[in-house]
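*Asks:* fold the following.
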Amino acid sequence: MKKRTTETIVLMGVFVALSIVLTRILVYNPTNSIRITLGSFPIVLASLLFGPIAGMMVGGVADVLGCITLSPQGWDPFLTISPIITGAIPWLFKKWIIKDKKLYKYIIVVLIAHIPSSMIWTTYWLSYKYGLPFLFTLSTRIPVNIGISIIEAFILYLMFKSKPLSKFLKF
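*Replies:* Next up, the predicted model:
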C-alpha cells in the first residue's frame, strides 16, 4: 500500500461505503447463488490506486460490515475470502494497464480478478452451502460474472481516460 495519508484512508472508507451500497442495496438477486451487483468495482479501484493491501482491506471490511449490518443471512467468513482476493489481484497488472490504457486490458484485469474469487471460490462455497451441483452453479454464474466484469472494466476505463478524473486519480 502506498504511504498512508489521511486522504488515502478517507478514500478507502469511501470505497468501503460504496462497495456496501452497491453490494447490499443496489443489487438484484435472482437466486441464492446469483447476485448482480457492481460491488467489487470500488475494491478493484482501491487496489489499482493504493495497492493490493488497500484493495484487500477495502474488500474484507466492506464484506464484513455489509454482512453484519444489511445481510439477512449474516456473515460467512468463507465468502469474505472472495472480495479479499478481488482486492489483491488488479494491482499486479497496474503497470501493464498504464502503458496504453486500452479497454481490453481493463476487461482482462477485472476478469482475472473475478475468476479465482467470484467465479471459482464463491461458486464452490455457495454450491457447498446450498447443496447445489458445483458445475451447474458455475455454469449459471459465469455469464453473470463476465457481464459484471465487462461493465466494471468499462467504468474504470472511462474514469482513467477522463482528464479531470485522471488528474485526481493519479494513475
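
*Asks:* can you report how many residues lie near the residue nearest to Leu38 when sequence neighbours are not counted?
*Replies:* Distances taken as C-beta to C-beta, 6 or more residues apart in numbering place Leu22 nearest to Leu38, at 4.9 Å, with adjacent residues excluded. Any C-beta I mention is one placed from the backbone N, CA and C, and that applies to glycine too. When neighbours are defined as other C-beta atoms under 10 Å, Leu22 has 19 of them.

*Asks:* was I right about Leu22 contacting Thr37?
*Replies:* Yes: counting by C-beta atoms under 8 Å, Leu22 touches Thr37, with 5.7 Å between them.

*Asks:* where in the chain is pLDDT low?
*Replies:* Scanning the chain for pLDDT under 70 picks out 1-4, 165-171.

*Asks:* where do the helices sit along it?
*Replies:* 6-20, 41-50, 52-70, 77-88, 94-100, 103-114, 123-130, 134-161, 163-169 (DSSP state H).

*Asks:* list the contacts for Ala113?
*Replies:* Taking C-beta atoms under 8 Å, 6 or more residues apart in numbering, we find Ala113 in contact with Ser40, Val44, Ser47, Ile85, Thr86, Ile89, Pro90, Ser149.

*Asks:* with distance to Ser117 added, can I get those in TSV?
*Replies:* Formatted as TSV, these follow (distance: C-beta to C-beta, whole Å):
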residue	distance to Ser117
Ser40	8
Val44	11
Ser47	12
Ile85	4
Thr86	5
Ile89	8
Pro90	11
Ser149	11
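
*Asks:* these, buried ones only, as a PyMOL selection?
*Replies:* Filtering the contacts of Ala113 down to the buried ones (16 or more other C-beta atoms under 10 Å) takes a single PyMOL command:
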select buried, resi 40+44+47+85+86+89+90+149
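
*Asks:* centroid residue for this structure?
*Replies:* Centroid-nearest residue in the chain, with C-alpha atoms, centre = their mean: Ser40, separated by 2.2 Å.

*Asks:* next one: the residue nearest to it when sequence neighbours are not counted from Pro133, what distance?
*Replies:* Using C-beta to C-beta, 6+ apart and skipping residues adjacent in sequence, the residue nearest Ser40 is Thr86, 5.0 Å away. Distance of Thr86 to Pro133, given as C-beta to C-beta, to the nearest Å: 25 Å.
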